[in-house]
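**Q** Just to be clear, the model below is a prediction. Sequence and coordinates:
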Amino acid sequence: MDERDKKSHLSLISTMWNLVARAHQDSGEEAVLARWQLLERYQGAAHRYLLAVVRDPDVASELFQEFALRMARGDFRRACPERGRFRQFLKTSLINLVRDYRRRAHRGNVSLEDVKWQPADSAVAESEDDQRWLASWREHLLERTWQALHEAESKTGRPHFTVLRFRTDHAEASSAELAVHLNGTLRPHQPWTEVAARKLLQRARAEFADLLVREVKDSMGCHTPEELEAELIELELHVYCRARDIRKRS
């Protein structure tokens, strides 16, 4: 790889992978902070998955604490864009943790500290556990997108979160009902009409799609437009982006 290709390759690495790199420096406060930022970002997806698999809140919490400990101390240093998507690395690590727990359950009580942490085979066949992880990851990305939309509304004053949240929670509501909600919630100087409410909803959906694609891109690291589109399809998130030109925005 010549210098130009190397620079082009590095330019495709997302801020998430930069965070992973900082998290696994040998020492320093920056590395410790980055590890906790990684944990904060992905703890929801990890805990949701563990709970869905073991179906026991106490066991899920115990496994999550072990997962958090290992992430906080830097056990994910092998993760890098060249090895594949970060969500794949997280998934195989969590699957391994659950499998270790199941093996211990057959042998009797064994401390989690006695279980050797190893990444699972990258060619793990699709299973129910895999599907649970995809569902957890999808929910994680959607939650972050909703959060980003809410933050954008707070900064810009554009009520995109307000209108889209109402439409999502009240899918059968008419445009007239949407306008009534906006007038009652936002109390504008000029009342929202049905036409204005529909246009606002259209803009809100477009911004949500933009933010969702940004979240997916950030979680992937290096990617091509085709890989981004495939990721959205695999996660069943493409339905939120049908009106957007994904490849032009990748």
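**A** Received it, and whenever you're ready, just let me know what you need. Numbers count the residues shown, from 1 in each chain.

**Q** List the buried residues in the lengthiest helix in the chain.
**A** Criterion DSSP state H: the longest helix present in the chain is helix 128-156. Residues 129, 132-138, 140-142, 144-146, 148-149, 152-153 are the ones in helix 128-156 that count as buried (16 or more other C-beta atoms under 10 Å). The C-beta positions use only the backbone N, C-alpha and C, and glycine is treated the same way.

**Q** Could you identify the helix or strand that succeeds that helix?
**A** Next in sequence after helix 128-156, counting helices and strands by DSSP states H and E, comes helix 160-169.

**Q** rewinding a little: just the angle for the longest helix of the chain relative to helix 160-169, thanks.
**A** 140 degrees (axes from the mean of the first three to the mean of the last three C-alpha atoms, to 10 degrees).

**Q** wait, residue 145 sits on residue 212?
**A** Yes: Residue 145 is in contact with residue 212 according to C-beta atoms under 8 Å; the separation is 4.5 Å.

**Q** Flag the shaky bits of this protein, pLDDT-wise.
**A** Applying pLDDT under 70 to the chain flags residues 1-17, 24-27, 79-84, 106-127, 221-222, 242-250.

**Q** where exactly do the helices run in it?
**A** For the chain, the helices defined by DSSP H occupy 3-11, 15-23, 29-54, 57-72, 86-107, 128-156, 160-169, 175-186, 194-220, 225-234.

**Q** got the angle between the longest one and helix 225-234?
**A** In other words, helix 128-156. 110 degrees.

**Q** what do you get for the fifth one?
**A** Comparing the axes of helix 86-107 and helix 225-234 via the same axes, to 10 degrees yields an angle of 40 degrees.

**Q** Which secondary structure elements does helix 86-107 sit against?
**A** For helix 86-107, the packing partners by 3 or more C-beta pairs under 8 Å, 6 or more residues apart in numbering; DSSP states H and E come out as helix 15-23, helix 29-54, helix 57-72, helix 128-156, helix 194-220.

**Q** Need those in JSON lines (columns: distance to residue 78).
**A** Listed next are the helices and strands packed on helix 86-107 as JSON lines, based on distance: least, C-beta to C-beta, whole Å:
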{"stretch": "helix 15-23", "distance to residue 78": "10"}
{"stretch": "helix 29-54", "distance to residue 78": "14"}
{"stretch": "helix 57-72", "distance to residue 78": "12"}
{"stretch": "helix 128-156", "distance to residue 78": "19"}
{"stretch": "helix 194-220", "distance to residue 78": "18"}
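
**Q** so how far is residue 212 from the residue nearest the centre of the chain?
**A** Computing the C-alpha centroid of the chain and ranking residues by C-alpha atoms, centre = their mean puts residue 141 first, at 3.2 Å. If you measure residue 141 against residue 212 using C-beta to C-beta, to the nearest Å, the figure is 7 Å.

**Q** list the residues that contact both of the two?
**A** residue 237 (C-beta atoms under 8 Å, 6 or more residues apart in numbering).

**Q** returning to that earlier point: burial check on the nearest residue to the residue nearest to the centre of the chain once chain neighbours are set aside, number of neighbours?
**A** Excluding the flanking residues, the one nearest residue 141 by C-beta to C-beta, 6 or more residues apart in numbering is residue 215, at 5.0 Å. By other C-beta atoms under 10 Å, the residues close to residue 215 number 20.

**Q** is it true that residue 215 touches residue 144?
**A** Yes: under the criterion of C-beta under 8 Å, residue 215 makes contact with residue 144 at 5.2 Å.

**Q** For residue 170, which residues are in contact?
**A** Counting by C-beta under 8 Å, 6+ apart, residue 170 makes contact with 177, 181.

**Q** what about it, distance to residue 51?
**A** Distance of residue 170 to residue 51, given as C-beta to C-beta: 28 Å.

**Q** and the closest residue to residue 49 other than its chain neighbours, what does it touch?
**A** In this structure, residue 49 finds its nearest non-sequential neighbour in residue 136, 3.9 Å apart by C-beta to C-beta, 6+ apart. Contacts here follow C-beta under 8 Å, 6+ apart; on that basis residue 136 touches 45-46, 48-49, 52.
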